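Novice: Output the structure for:
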Amino acid sequence: MSEQHEHTHHIVSPKVYVVILLALCVGTALTVWASFLELGPWNPVVALAIATTKAMLVVLFFMGVKYSTKLTKLTVISGIFTFMALIGMTLADYMSRAWGRW
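Specialist: Down below sits the predicted model:
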C-alpha cells in the first residue's frame, strides 16, 4: 500500500501581483519620504518598520509562503527567530562592552 501525496499548487491571479508591486512601490516612496523627516531616534524605527513590511510582502506573495505547507511556514518562522536571537546576542555583547564608559 503506497500512498500518493499530491500537492496542489495555488494559482495566484496577476492582479494580486500587481497590487503587491504597487504596495512595494508605495513602501519605497514612503521610505524615501521618511528619510527626509527629522524624527530623532525614531528614524531607524520607522525605516525598519517599512522595510519589515516590504520584506513580509515579498516573502508571503512572491516567494509563495502564504500558500505553502505548514512545514515551509515553520521553516520561515524558525529562520526569523534564529535571526532575531543572533541580533539580540550581538546587541547584548555590544552593550556589555561599552558598560561604564558612557
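Novice: mean confidence for the top helix by length along the chain?
Specialist: Scanning the chain for the longest helix, with DSSP state H as the assignment, gives helix 70-97. Average pLDDT, helix 70-97: 92.
Novice: how far away is the closest residue in space to residue 72 that isn't next to it in sequence from residue 94?
Specialist: If the residues on either side of it in the chain are set aside, residue 72 comes closest to residue 65, at 6.0 Å by Cβ to Cβ, 6 or more residues apart in numbering. Just so you know, the C-beta spots here come from the backbone N, C-alpha and C atoms, and that holds for glycine as well. Applying Cβ to Cβ, to the nearest Å, the value for residue 65 to residue 94 is 31 Å.
Novice: May I see the buried residues of the longest helix of the chain?
Specialist: Across helix 70-97, burial judged by 16 or more other Cβ atoms under 10 Å covers no residue at all.
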